[in-house]
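>>> Take a look and give me a structure for this.
(2 chains)
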Amino acid sequence: MSLDEFPSGPQTDELMKGDRVATPMYEDPALFDVEMERIFGKSWVWVAHESEVPGKGNFVLSWVGTQPVIVSRDRKGEIHVLVNRCRHRAASVCEIKKGKTSSFQCPYHGWGYALNGDLRAIPYSEGYSDDFKKENFGLKKLRVETFEGMVFANFDHDAEPLEDFLGNAKPWIRLFMKQGGGFPVKTLGEHQFKVPMNWKVQLENTTDAYHFPIVHKSFLQSLDGEANETFSFMDDDDGYVEDLGNGHSVMVMMPELIDLDENLDAPIPERFKELAAELAEQGYEDEKVRRIVRAVGGCGFNLNLFPNAGCSLSFFRILRPVSVNETEIRHIALGMDGGPEVANQMRMRLHEHFQGPMGFGSPDDAEVWERVQRGSAGAGDVDVMVNRGLGLEKESKNGLPVGDISAETGMRAAYKQWKKVMDQ
Amino acid sequence: MKDMAATDVKLQDIAEFLWMEADLLDRRDYDTWLDLWTEEGFYVIPVDKEGDDFANRLNIAYDDAKMRKMRVERFQAGFSISSAPPADSVRTLSRFVIEGAEGDTVTVRAAQHVIEDKFGRQRMFAANVTWKLKVTEDGFMIRDKVIRLLNSDGVLTSISYLF
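Alright, predicted model coming up:
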């Protein structure tokens, strides 16, 4: 087992040194196994959005670290997160990605489980003595809590409440959900791709504004002048990155788009004028039109939630560690549940423009992330620097560091939490 | 350009046209490729395995003429690290089936395998591809092209070229 490699636990002081991290952070498979136990085995991990399981009997497959789980909604409307493993001889009980059911039945010997994971039926049960109690053999259950529609699960039943863990990130999550434009936020589909990189390379990137004008130059060139201006946050001096505690951080790229309900009188950007005209034609009042149009453009910040979720401008970016050098990424598009079709169409077109395996942005991200993994195979004694902005930071009202837009403050926040959890 | 009836086109002519398109794409002669298109059609790579209401679904690519042109410009400008240089690709097209013909349009589908090479690693994609081709006096034009990757709703890898 992995912990044998570290008789007294991994030497986290040598791996996370505040302003830099050691190369084995990306390269050591034994360290990866310890991370899966101590971080993904004990933290609140994002597993789904409630709109993926909208009704009774709905389920969706997901992951907590390397472990496959089912997110289900039972007949009372309660959400459960269950390890997708039969308690008899370990076969997965569900291989349909998303759907509706009344129970999960193992294909091997037919053990049947309720939506809440309870073991209900065993074929030929006379083969077990009276000592066998079905109530001891339900699907393994995780603790489940939700916040603003996001579903989190935790293997640690003694963990602090989700809301305590989210802490200072909570107001930012509420702001992020304003992009429902007055409608509930729902998922509109997703892009998935894998990259040969360590999961922390992705964790770092959600609050990395520094790379944007370099890696995404070709995306910026495909925008009209006004939109290009919106994304030129590296040239402005009003953006910032704030450590929110517990590993979370926020990178504010467009301060004017923090609260989407504010300044609704501002002129509608050129690229949204056609949409605004169409909504007006459909009979939406001017205020409603402005609110929907504003929501379509998304928020002006990336919120990074340790260890696996990002609320990024207008979508969820979810990472899943597969092995020390492989990570799967989900870019989940969001829209307005019950909102105008044309508005949701534009949300999807904007998502397709940047995100996913063939977007104008993500392939270039994937390329540089892979290059990090390829490069870190060399000079294992050299560290990875996350010191940008150190010595220039200010203090937030929460007493935590705030750096300028390109500071690596968010990465240091994540690595602080990494060390704290790994040392527990 | 005069339109022709699509009912009497021959499979051999269609295959030759689509092989020519495949060759253009492997050679990344994108300007010539753009000229094969009519203005109104879409280049689509859906996420969903079923259904064709692409406008109301999230796709991997959903390109009208403007987006096709922008995508090609991105590839050619040299500022996209994933496409400068891109992966090399070799593709084969086979199992052609003419699905139907109506007016000046013939619908054809085929199997496609693409193998890409970059960083000394190779990746493979398999797809069912459907074209709506406009038949003209000067040959075929592409009206719509829908590429259904075998693992479109699964975990893909980033793609720096066109199918």
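>>> quick one, what contacts the closest residue to chain A within chain B?
Nearest residue of chain B to chain A: residue B:58, at 3.2 Å (CB to the nearest CB). Glycine gets a C-beta too; all of them are placed from N, C-alpha and C. By CB atoms under 8 Å, 6 or more residues apart in numbering or on different chains, the contact list for residue B:58 reads A:188, A:189, A:190, A:191, A:333, A:348, A:351, A:352, B:47.
>>> Now tabulate those in a markdown table and tack on neighbour count and distance to residue B:140.
Formatted as a markdown table, those follow (neighbours: other CB atoms under 10 Å in any protein chain shown; distance: CB to CB, whole Å):
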| residue | neighbour count | distance to residue B:140 |
| --- | --- | --- |
| A:188 | 21 | 35 |
| A:189 | 19 | 32 |
| A:190 | 21 | 35 |
| A:191 | 25 | 32 |
| A:333 | 24 | 34 |
| A:348 | 21 | 30 |
| A:351 | 26 | 32 |
| A:352 | 24 | 27 |
| B:47 | 22 | 28 |
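>>> Among the residues you listed, which lie within strands?
Members of the contacts of residue B:58 lying in strands (criterion: DSSP state E): A:188, A:189, A:190, A:191, A:333.
>>> Shouldn't residue A:421 be within a strand?
No - the assignment for residue A:421, made by DSSP: H, G, I helix; E, B strand; the rest coil, is helix rather than a strand.
>>> ok, it touching residue A:36?
No - Residue A:421 is beyond contact range of residue A:36, at 11.8 Å (criterion: CB atoms under 8 Å).
>>> Go through the helix or strand bottoming out on mean pLDDT in chain A and flag the buried ones.
Ranked by mean pLDDT, DSSP states H and E, the weakest helix or strand in chain A is helix A:225-230, scoring a mean of 87. Residues of helix A:225-230 classed as buried by neighbour count (16 or more other CB atoms under 10 Å in any protein chain shown): A:227, A:230.
>>> what about dumping the CA coordinates of it to CSV?
Only the C-alpha atoms of helix A:225-230 are listed here, as CSV (Å, rounded to 0.1, in the frame of the first residue of the first chain):
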residue,chain,number,x,y,z
GLY,A,225,-12.7,44.7,-30.6
GLU,A,226,-15.1,45.1,-27.7
ALA,A,227,-15.0,41.5,-26.5
ASN,A,228,-11.2,41.5,-26.9
GLU,A,229,-11.2,44.5,-24.6
THR,A,230,-13.3,42.6,-22.0
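>>> Now find how far off-centre that helix is within its chain.
Relative to its parent chain, helix A:225-230 has a centroid offset of 27 Å by CA atoms, centre = their mean, to the nearest Å.
>>> what's in contact with the next helix or strand after it?
Going down the chain from helix A:225-230, the next helix or strand is strand A:240-245, by DSSP states H and E. For strand A:240-245, the external contacting residues (CB under 8 Å, 6+ apart) are A:167-169, A:172, A:207, A:209, A:249-252, A:389, A:396, A:398, A:400-410, A:412-413, A:416.
>>> likewise stretch A:353-369?
Under CB under 8 Å, 6+ apart, the answer for stretch A:353-369 is A:191, A:193, A:195, A:197, A:201-202, A:205, A:211, A:215-216, A:218-219, A:222, A:315, A:329, A:331, A:333, A:352, B:45, B:60-61, B:67, B:70-71, B:74, B:80-83, B:156-160.
>>> before we move on, the earlier item: now, which of the ones in strands among the contacts of residue B:58 sits nearest residue B:94?
residue A:191 (28.5 Å; CB to CB).
>>> who touches residue A:190 in this structure?
Per CB under 8 Å, 6+ apart, neighbours of residue A:190: A:330, A:331, A:332, A:333, B:47, B:58.
>>> then the strand or helix carrying the second one to PDB, C-alphas only?
When elements are assigned from DSSP H and E, residue A:331 belongs to strand A:326-336. Coordinates of each C-alpha in strand A:326-336 appear next as PDB, following Å, rounded to 0.1, in the frame of the first residue of the first chain:
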ATOM      1  CA  GLU A 326      -3.400  11.700 -16.200                       C
ATOM      2  CA  THR A 327      -6.300  14.000 -15.400                       C
ATOM      3  CA  GLU A 328      -9.800  14.200 -16.900                       C
ATOM      4  CA  ILE A 329     -11.400  17.600 -17.300                       C
ATOM      5  CA  ARG A 330     -15.200  18.300 -17.600                       C
ATOM      6  CA  HIS A 331     -16.300  21.700 -18.900                       C
ATOM      7  CA  ILE A 332     -20.000  21.800 -18.000                       C
ATOM      8  CA  ALA A 333     -22.100  24.400 -19.900                       C
ATOM      9  CA  LEU A 334     -24.700  26.200 -17.900                       C
ATOM     10  CA  GLY A 335     -27.900  27.900 -18.900                       C
ATOM     11  CA  MET A 336     -31.300  29.200 -17.700                       C
END
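>>> How about whatever residue of chain A ends up closest to chain B, nearest residue that isn't a chain neighbour?
As assessed by CB to the nearest CB, chain B sits closest to residue A:189 within chain A, at 3.2 Å. Nearest non-adjacent residue to residue A:189, counting by CB to CB, 6 or more residues apart in numbering or on different chains: residue B:58, 3.2 Å away.
>>> quick one: the one you found from residue A:113, how far?
Separation of residue B:58 from residue A:113 (CB to CB, to the nearest Å) stands at 31 Å.
>>> Write out the residues of chain B neighbouring chain A.
B:45, B:47-48, B:55-62, B:67, B:70-71, B:73-74, B:77, B:79-83, B:119, B:153-160 (CB under 8 Å from any CB of the partner chain).
>>> So which of those residues are in strands?
B:45, B:59, B:60, B:61, B:62.
>>> quick one on the thing from earlier: buried subset of the contacts of strand A:240-245, written for ChimeraX?
Listed next is the ChimeraX selection for buried residues among those, using 16+ other CB under 10 Å:
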select /A:168,169,172,207,209,249,250,251,252,389,396,400,401,402,403,404,405,406,407,408,409,410,412,413,416
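>>> Which members of the contacts of strand A:240-245 are positioned in helices?
Judged by DSSP state H, the subset of the contacts of strand A:240-245 located in helices is A:172, A:409, A:410, A:412, A:413, A:416.
>>> Nice, that's everything, thank you.
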